[in-house]
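Asker: fold the stuff below for me.
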Amino acid sequence: MSAMLHDLVNWVVAWAHTPYASAALAVVAFAESSFFPIPPDVLLISLCLIDPGHSFAYAALCTGSSVLGGMFGYGIGRYGGRPILERFMSASKIQAVERYYQRYDVWAVGIAGFTPIPYKVFTVSAGTFLLDFKRFTLASLVGRGGRFFLVAALFYFFGEPIGEFVKESLNWLSVVFAVLLVGGFALIHYGSKRHGAARPPKG
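Answerer: Predicted coordinates:
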């Protein structure tokens, strides 16, 4: 299985050296959001290495395609229901995803979109659990855009020398950023509750 995935990664990366690189990036980003096992980062990083000046354009294309793919995944879960989810996930994973939703609501999708957590698991399950579609889309845009534009910014400002660092450190950088993101939301939520509690009643 690992050999097959390795070959698949090499096949995806090879598209970076063809005239169809941008189209391949869009297709991979779309497909990975619902069923394809290889993340678009591998092709995005290759393209940014080849042409750092267009890094943000590649990130925008990758983000838009990934969010559209997430919508497709949402539709699979929405209309395929729990049986579809159970075909691809164990009961323990489904329970874990449900706990994420209970704790973070749709922002669990944003966290999954930014971190190494499989994004496709959350897009399909979001439809299955009937999360609000507009908020799901917004969370997907924040999570996916944050991850891909982080990659683009590193290559745009630092160029090829940053390549090895990005490939080796992207996962932990994304986790750190997601922790800070969740912490920020928690502080805002806590602050708003304290402000509301401190406000004297009218009349």
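
Asker: could you pull up the mean pLDDT of the helix or strand where residue 68 lies?
Answerer: Assigned by DSSP states H and E, residue 68 falls within helix 55-88. Taken as a whole, helix 55-88 carries a mean pLDDT of 91.

Asker: then stretch 153-169?
Answerer: Mean pLDDT, computed over stretch 153-169, is 73.

Asker: swap in stretch 99-113?
Answerer: Averaging pLDDT along stretch 99-113 yields 80.

Asker: can you show me the CA trace of that stretch as PDB?
Answerer: Written as PDB, here are the backbone C-alpha positions of stretch 99-113 (Å, rounded to 0.1, in the frame of the first residue of the first chain):
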ATOM      1  CA  ARG A  99     -17.000  14.800  19.200                       C
ATOM      2  CA  TYR A 100     -15.100  17.400  17.200                       C
ATOM      3  CA  TYR A 101     -18.300  18.800  15.900                       C
ATOM      4  CA  GLN A 102     -19.900  18.900  19.300                       C
ATOM      5  CA  ARG A 103     -16.900  20.900  20.600                       C
ATOM      6  CA  TYR A 104     -16.000  23.200  17.700                       C
ATOM      7  CA  ASP A 105     -19.200  23.100  15.400                       C
ATOM      8  CA  VAL A 106     -18.300  23.900  11.800                       C
ATOM      9  CA  TRP A 107     -14.900  25.200  12.800                       C
ATOM     10  CA  ALA A 108     -13.800  21.600  13.100                       C
ATOM     11  CA  VAL A 109     -13.900  21.700   9.300                       C
ATOM     12  CA  GLY A 110     -11.600  24.700   9.300                       C
ATOM     13  CA  ILE A 111      -9.200  23.000  11.700                       C
ATOM     14  CA  ALA A 112      -9.200  19.800   9.500                       C
ATOM     15  CA  GLY A 113      -8.800  22.000   6.400                       C
END
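
Asker: which residues sit against that stretch?
Answerer: Applying Cβ atoms under 8 Å, 6 or more residues apart in numbering, the external contacts of stretch 99-113 come out as 66, 70, 97, 117-119, 121-123, 125-126, 129, 131-132, 135-136, 138-140, 142-144, 146-147, 178, 181-182, 185. C-betas here are computed from N, CA, C, even on glycine.

Asker: got a PyMOL select line for the buried ones in these?
Answerer: Of the contacts of stretch 99-113, the buried ones can be selected in PyMOL as follows, counting by 16 or more other Cβ atoms under 10 Å:
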select buried, resi 66+70+97+117+118+119+121+122+123+125+126+129+131+136+138+139+140+142+143+144+146+147+178+181+182
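
Asker: which of the contacts of stretch 99-113 fall within strands?
Answerer: Residues of the contacts of stretch 99-113 located in strands (DSSP state E): none.

Asker: which residue packs closest to the most centrally placed residue in the chain, ignoring adjacent ones?
Answerer: Geometric centre of the chain, nearest residue: residue 113, 2.0 Å, by Cα atoms, centre = their mean. In space, and not counting its chain neighbours, residue 113 is closest to residue 143: 2.5 Å by Cβ to Cβ, 6 or more residues apart in numbering.

Asker: distance check, residue 28 against residue 98.
Answerer: Taking Cβ to Cβ, to the nearest Å as the measure, residue 28 falls 29 Å from residue 98.
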